[in-house]
Structure formats: structure tokens, C-alpha cells
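Undergrad: Coordinates for the following, if possible.
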Amino acid sequence: MSNTQENKENQKGKKEHSNIKWFIEVFAITFILSMIFSYISANGVSHLNLISAILILILVIGVGIFFDIIGVAVTVANEHEFHAKATKKVKGSKDSIKLIRKRSRTNRK
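TA: As a prediction, this is how the structure comes out:
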């Protein structure tokens, strides 16, 4: 086996390890957040009156919709356009570039 093939296999192994690590991190964070929201909705809301419970429900749904909007926007965004905005010092363009570069983590095959 040549050195280039060994290097490619080592890089592939490191990439797979990185994928597994990323998956575990996302799973743990999602699981913990799910438990927290479940606890709050089960115990916290049961002691509130109807209007307060409805407002909290609307808040939780609104947060979900907000982050879905961000996720879809990052998925369809073109990084080159944000580089142009970053050169003009448009507020938020550097953060947008960071999000766009990280989207490839979720698009792995």
C-alpha cells in the first residue's frame, strides 16, 4: 500500500471519528434541552392559569419557528454574497458566513 493511500485512509478515519463526535454532541445537547423543556412544560405550566400556559406555549412555538427560519435561510444561502457584505462591513455578515460554513456538517453523506 502506498503512502498516499495510507494518508487517505487515515484522513477518512479521522473524519469518521469527527462525525461520530459531532453526532454524540448534538444528541446530548438535544436530549438535555428536551428534558428541560419537558420538565418546564409538565411541572411549571400545570400550576399556572390558562392564559399564562397559553402564552408559554406560544413562546415555545415561536422559538421553534424562529430557529427553523434561521436553519432554512442558512441552508439556501450563498456564501459569496455574504463575503461581499462583509467587505462593506454590513452588520451580521461575518456571523452569517460562520453559520453557512458550519452547515456542511449537517449535509454530510
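Undergrad: Look up how far residue 24 lies from residue 87.
TA: Distance, residue 87 to residue 24, by C-beta to C-beta, to the nearest Å: 38 Å. Every C-beta, even on glycine, is put in place using the N, C-alpha and C of the backbone.
Undergrad: cool, and residue 56?
TA: 31 Å.
Undergrad: Would you mind telling me which of these two has the busier surroundings?
TA: The residue with more neighbours, out of residue 56 and residue 24, is residue 56; 15 against 10, by other C-beta atoms under 10 Å.
Undergrad: Quick one: residues contacting the closest residue in space to residue 53 that isn't next to it in sequence.
TA: Leaving aside its sequence neighbours, residue 53 sits nearest to residue 45 (C-beta to C-beta, 6 or more residues apart in numbering; 4.7 Å). For residue 45, the contact set (C-beta atoms under 8 Å, 6 or more residues apart in numbering) comprises 52, 53, 56, 57.
Undergrad: hmm, try it at 10 Å
TA: 52, 53, 54, 56, 57, 60 (C-beta atoms under 10 Å, 6 or more residues apart in numbering).
Undergrad: By mean pLDDT, point me to the weakest helix or strand of the protein.
TA: helix 79-87 (a mean of 73; mean pLDDT, DSSP states H and E).
Undergrad: Give me the buried positions along that one.
TA: Neighbour counts over helix 79-87 (16 or more other C-beta atoms under 10 Å) mark residue 82 as buried.
Undergrad: That concludes my questions; thank you for your assistance.
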